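S.K.: 3D model of this:
(2 chains)
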There are 2 protein chains.
Amino acid sequence: MVYRAVSHSNRGMGLESDINTTNDYYLDKDIAVIYKKPTPVKVTKVEYNCIKSPTIKESFYEKQSTTDYNGIYKGKYIDFEAKEIKKELIFPIKNIHEHQIKHLEKIYKHGGISFIIVRFCINNSTYLLETTKLLDFINNESRKSIPFEYFKKLGYIIKDAYCPRLDYLKVIDKLYFNKEEKWKTLNLNLKN
Amino acid sequence: MVYRAVSHSNRGMGLESDINTTNDYYLDKDIAVIYKKPTPVKVTKVEYNCIKSPTIKESFYEKQSTTDYNGIYKGKYIDFEAKEIKKELIFPIKNIHEHQIKHLEKIYKHGGISFIIVRFCINNSTYLLETTKLLDFINNESRKSIPFEYFKKLGYIIKDAYCPRLDYLKVIDKLYFNKEEKWKTLNLNLKN
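M.R.: Purely as a prediction, here's the structure:
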């Protein structure tokens, strides 16, 4: 059966919608330039009624080869994946593809800021977990799911607000652009 | 008439193919993590024969809201657009959408490395032109096309090679990671 399509990017994705709105706010206020990448589509049939805007008559959604979001903030490369957990207070690791985890690790190793954002719908809480903490769990624990407590202990809560909707860069500020930390590093460099 | 589609990313795009191969090389050798963004597709009809992999029965290509390529190199955010000029030795500015030029400017202002790569097929030469030089031309010249000489004078040639095919990061190294320049800056910081 053929349905008129709801935009793929809005299929009940509350978290995705919140992040997109927040990114629009960051862009509008010239705070950061962060975008969601388009969902990859493999095209198999095309109709050329008009050469400038052909109609794609058959295509399929493909897996994203990297993560969904990337961009720049205060000169730093930002890269993350966002996931919503509907009915549990655990995060099954299989929710993120292995190549996406490897991608996040690569970004971290190349000096970028990479993380995941996870929303637990049951208690309506949203956490940012750095890639290093995600990898720590995967490499040291035999469990296939990360419990909510791990996010509570080692992640950072992102509070819902009106505008911006989900100010995740506040966490990034605290972690990477904390003035005190910055001065400590600068003083250390001057001493050496 | 309905045609079986050639992959959209390979429709005779020599430059695109060269850049993709080069990015694969950078990724494989762990030099940089730079990807081409998927072409955005607006989906209007979907067939759900299988819930996990629905067939898209009607969709249209959309304009990329940013540029085609972005990623990370030596901790810096990289962002660029690539264009091939088939039959002339000038680069019509309309080849890049206005919002893409604004995007490149934003990236530059936020501390990223942004540029365009242009291939002139007539003399088979490929140039990297920094966003600042592109903006200089647009803001100071009344002409609607950038002549080849401008690229020759203010751009940087990227030489074709076997592997990697189009080593554009060599230019970036020279411009942003020159050791001498780096040491000069470091010494200056120590003196102050």
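S.K.: chain A: helices as residue ranges?
M.R.: A:14-28, A:98-109, A:131-140, A:148-154, A:168-176, A:179-191 (DSSP state H).
S.K.: among those helices, which comes closest to chain B?
M.R.: helix A:98-109 (5.2 Å; Cβ to the nearest Cβ). For the C-beta atoms, the positions are set from N, CA and C on the backbone; glycine is no exception.
S.K.: give the buried residues for stretch A:92-107.
M.R.: Buried residues in stretch A:92-107, counted by 16 or more other Cβ atoms under 10 Å in any protein chain shown: A:93, A:96, A:100-101, A:103-107.
S.K.: give the rounded mean pLDDT of it.
M.R.: Stretch A:92-107 carries an average pLDDT of 96.
S.K.: same thing with stretch A:145-165?
M.R.: Across stretch A:145-165, pLDDT averages out at 96.
S.K.: who's the residue lying closest to A:Lys152 once chain neighbours are set aside bridged to?
M.R.: Take A:Lys152 and drop its neighbours on the chain: the residue closest to it by Cβ to Cβ, 6 or more residues apart in numbering or on different chains is A:Tyr127, 7.6 Å away. Beta-bridge partners recorded for A:Tyr127 (DSSP bridges): A:Val118, A:Ile157.
S.K.: A:Tyr127 and A:Ile157 touch, don't they?
M.R.: Yes: applying Cβ atoms under 8 Å, one finds A:Tyr127 in contact with A:Ile157, separated by 5.9 Å.
S.K.: give me the more crowded residue out of the two.
M.R.: Just comparing A:Tyr127 and A:Ile157: by other Cβ atoms under 10 Å in any protein chain shown the higher neighbour count belongs to A:Tyr127, 22 against 12.
S.K.: mind listing what's buried in stretch A:161-181?
M.R.: Applying 16+ other Cβ under 10 Å to stretch A:161-181 flags A:164-169, A:171-172, A:176 as buried.
S.K.: export the residues you listed to TSV and tack on distance to chain B?
M.R.: Shown next, in TSV, are these (distance: Cβ to the nearest Cβ, whole Å):
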residue	distance to chain B
A:Pro164	17
A:Arg165	20
A:Leu166	20
A:Asp167	18
A:Tyr168	17
A:Leu169	12
A:Val171	19
A:Ile172	14
A:Tyr176	12
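S.K.: what's the farthest-apart pair in those residues?
M.R.: Taking Cβ to Cβ as the measure, the buried residues of stretch A:161-181 span a maximum distance of 21.5 Å, between A:Arg165 and A:Tyr176.
S.K.: would you point out the helix or strand in chain A whose mean pLDDT is lowest?
M.R.: Lowest mean confidence among the helices and strands of chain A (mean pLDDT, DSSP states H and E): strand A:2-4, at a mean of 43.
S.K.: sorry, back to before: per-residue confidence at the residue nearest to A:Lys152?
M.R.: Per the predicted model, pLDDT is 98 at A:Tyr127.
S.K.: report the contact partners of it.
M.R.: Each residue near A:Tyr127 by Cβ atoms under 8 Å, 6 or more residues apart in numbering or on different chains is listed here: A:117-120, A:151-152, A:155-158.
S.K.: drop anything exposed from those residues.
M.R.: Looks like the contacts of A:Tyr127 have A:117-120, A:151, A:155-156, A:158 buried, using 16+ other Cβ under 10 Å.
S.K.: mind putting those into TSV with distance to B:Tyr69?
M.R.: As requested, the buried ones among the contacts of A:Tyr127 are exported to TSV (distance: Cβ to Cβ, whole Å):
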residue	distance to B:Tyr69
A:Ile117	24
A:Val118	29
A:Arg119	30
A:Phe120	35
A:Phe151	33
A:Gly155	31
A:Tyr156	31
A:Ile158	29
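S.K.: partners of the longest strand along chain A in the sheet?
M.R.: In chain A, assigned by DSSP state E, the strand with the most residues is strand A:76-85. Using DSSP bridges, the strands paired with strand A:76-85 are strand A:69-73 (antiparallel), strand A:113-120 (parallel).
S.K.: could these be laid out in TSV, adding mean pLDDT?
M.R.: Putting the strands paired with strand A:76-85 into TSV (pLDDT from 0 to 100) gives the following:
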stretch	mean pLDDT
strand A:69-73	98
strand A:113-120	98
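S.K.: one step back: and of the buried ones among the contacts of A:Tyr127, the nearest to chain B?
M.R.: A:Ile117 (19.1 Å).
S.K.: which non-adjacent residue is nearest the closest one?
M.R.: A:Ala82 (4.4 Å).
S.K.: likewise A:Asn95?
M.R.: A:Lys83 (5.1 Å).
S.K.: that neighbour contacts A:Phe120, doesn't it?
M.R.: No: with contact defined as Cβ under 8 Å, A:Lys83 does not reach A:Phe120; the gap is 10.0 Å.
S.K.: any common contacting residues for the two?
M.R.: Joint contacts of A:Lys83 and A:Phe120 (Cβ under 8 Å, 6+ apart) are A:Phe91.
S.K.: A:Val41: how many residues sit nearby?
M.R.: Using other Cβ under 10 Å, A:Val41 has 22 other residues around it.
S.K.: okay, the closest residue to it other than its chain neighbours: pLDDT?
M.R.: Distances taken as Cβ to Cβ, 6+ apart place B:Val41 nearest to A:Val41, at 4.4 Å, with adjacent residues excluded. In this model, B:Val41 is scored at 79, pLDDT.
S.K.: ok, the one 5 residues further on next?
M.R.: In the prediction, the pLDDT value recorded for B:Val46 is 81.
S.K.: picking up where we left off before, any chance of the helices of chain A in CSV, plus distance to B:Pro54?
M.R.: Below are these laid out as CSV (distance: least, Cβ to Cβ, whole Å):
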stretch, distance to B:Pro54
helix A:14-28, 18
helix A:98-109, 21
helix A:131-140, 30
helix A:148-154, 32
helix A:168-176, 30
helix A:179-191, 47
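S.K.: mean pLDDT lowest where, among those?
M.R.: Confidence, taken as mean pLDDT, is least for helix A:179-191 of the helices of chain A (a mean of 49).
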